[in-house]
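> this one's sequence-less:
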């Protein structure tokens with residue numbers, strides 16, 4: 001059977017991925033992240049797509065506390081733990097020192113080192129937004145990756161500005177006074193970062209690994225500040241099974257709750273258009289944090305959530321140059 005060009009490209013990418021999987025792992029087993037957590041999958045994909053020497057900065061959060069315990073670490077690359085709010089500032093300083101040392105003729109330093117900061121949505125959308133905005137505005141040659149699980153999961157599932165409209169969290173709990181969950185829509189941080197005028201910003205999902213890894217590779221070839229927002233299921237906070245992280249990521253894309261797109265030099269392009277746009281309830285239904293939305297009295301909230309998803313998706317399609 002003759003393969004289409006699209007199928008050939010995917011097959012070629014899968015071959016390359018299998019080859020990469022045999023290389024030395026830059027993020028090892030032995031971490032203490034929850035079974036089924038999406039964060040280690042995201043980190044592995046980002047690092048597998050990085051064909052350069054790399055330095056990592058990691059904001060306080062689930063990924064940090066679970067991957068480096070005293071003298072034990074899952075990281076096999078230079079890694080810096082910074083405070084909750086300043087991973088971007090830390091990496092901006094490292095990148096600046098590297099450039100200064102290279103300019104001073106420190107030839108022992110390797111060429112083409114890439115600088116990546118990881119932070120959860122709490123340390124990115126909220127607490128770390130100031131240092132992230134500053135690093136992007138100053139133009140540091142670095143990639144910031146937000147692993148977005150939609151709440152402050154490490155400290156007890158408190159709502160963040162990434163928490164979806166209608167979700168149940170410990171600081172926006174569902175009850176008599178608040179039957180519909182979080183009353184605000186989530187912040188559109190990817191668009192906010194693109195509005196800084198940076199050369200590259202994108203959204204990705206581990207369910208669409210080729211799209212994710214292609215975006216990482218593209219980001220590394222662009223000079224200047226880059227930002228990627230990657231959906232990262234948390235079975236503890238989302239109240240889901242421990243074996244459906246990738247399936248939930250896929251449903252997020254197929255329902256357009258989490259659209260996949262990139263903004264390169266101000267030009268927006270939707271990179272994945274679902275063959276069939278599915279209703280948002282298929283993404284929400286498996287998650288305990290949304291179970292109240294399926295009560296008869298909350299039908300209006302679910303409709304409001306769907307309308308917001310539809311509005312954003314239609315705007316993206318209209319603006320896309322694909």
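Nice, thanks for sending it over. This one's a predicted model, so the numbers in the text were calculated from it and none came from an experiment.
> now residue 261: which helix or strand?
According to DSSP states H and E, residue 261 maps onto strand 260-264.
> now residue 136
Assigned by DSSP H and E, residue 136 falls within helix 129-138.
> so the nearest residue to residue 190 once chain neighbours are set aside versus residue 109, what's the distance?
Spatial nearest neighbour of residue 190, excluding adjacent residues (C-beta to C-beta, 6 or more residues apart in numbering): residue 229 at 4.6 Å. All C-beta atoms are positioned from the backbone trio N, CA, C, and that covers glycine. Residue 229 sits at a distance of 30 Å from residue 109 (criterion: C-beta to C-beta, to the nearest Å).
> of the two, give the one with the bigger neighbour count.
Using other C-beta atoms under 10 Å as the criterion, residue 229 and residue 109 rank with residue 229 on top: 25 against 12.
> now the residue nearest to residue 190: which helix or strand?
Element membership for residue 229, per DSSP H and E: strand 226-231.
> where does pLDDT dip in the chain?
Low-confidence segments of the chain, defined by pLDDT under 70, span residues 1-23, 107, 322.
> can you check which helix is longest in it?
helix 299-319 (DSSP state H).
> what helix or strand is the residue nearest to residue 182 when sequence neighbours are not counted located in?
Nearest non-adjacent residue to residue 182, counting by C-beta to C-beta, 6+ apart: residue 172, 4.4 Å away. Using DSSP H and E, residue 172 sits within no helix or strand.
> contact partners for residue 172?
Counting by C-beta atoms under 8 Å, 6 or more residues apart in numbering, residue 172 touches 159, 163, 178, 181-183.
> could you redo the last one with a cut-off of 7 Å?
Contact analysis of residue 172 by C-beta atoms under 7 Å, 6 or more residues apart in numbering lists 159, 178, 181-182.
> ok, now residue 262?
By C-beta under 7 Å, 6+ apart, residue 262 lies in contact with 200, 202, 215, 269, 271.
> where along the stretch 101-250 of the chain do the helices fall?
Taking DSSP state H, counting those that start in this stretch, the helices of the stretch 101-250 of the chain run over residues 129-138, 189-194, 209-220, 235-238, 245-254.
> tilt between the first one and strand 226-231?
Between the axes of helix 129-138 and strand 226-231, defined by axes from the mean of the first three to the mean of the last three C-alpha atoms, to 10 degrees, the angle is 140 degrees.
> contacts for helix 129-138?
Contacts to helix 129-138, defined as C-beta under 7 Å, 6+ apart, come from residues 85-86, 88-89, 92, 124, 142, 144, 193, 196, 198, 225, 227.
> if we can go back for a sec, what are the buried residues along the helix holding residue 136?
By neighbour count with 16 or more other C-beta atoms under 10 Å, helix 129-138 contains the buried residues 129, 131-132, 135-136.
> from residue 65, how far off is residue 73?
Distance, residue 73 to residue 65, using C-beta to C-beta: 12 Å.
> scratch that, residue 34
Distance, residue 34 to residue 65, using C-beta to C-beta: 12 Å.
> likewise for residue 191?
From residue 191 over to residue 65 the distance is 30 Å, taken as C-beta to C-beta.
> ditto for residue 230
According to C-beta to C-beta, residue 230 and residue 65 sit 19 Å apart.
> neighbour count winner among those two?
Legend: neighbour count by other C-beta under 10 Å for residue 230 and residue 65, higher for residue 230 (27 against 15).
> now do the phi/psi pair for residue 62.
Main-chain torsions, residue 62, degrees, to the nearest 10: phi -50, psi -50.
> centroid residue for this protein?
residue 230 (1.9 Å; C-alpha atoms, centre = their mean).
> quick one: residues contacting that residue.
Contact analysis of residue 230 by C-beta under 7 Å, 6+ apart lists 42, 145-148, 204-205, 212.
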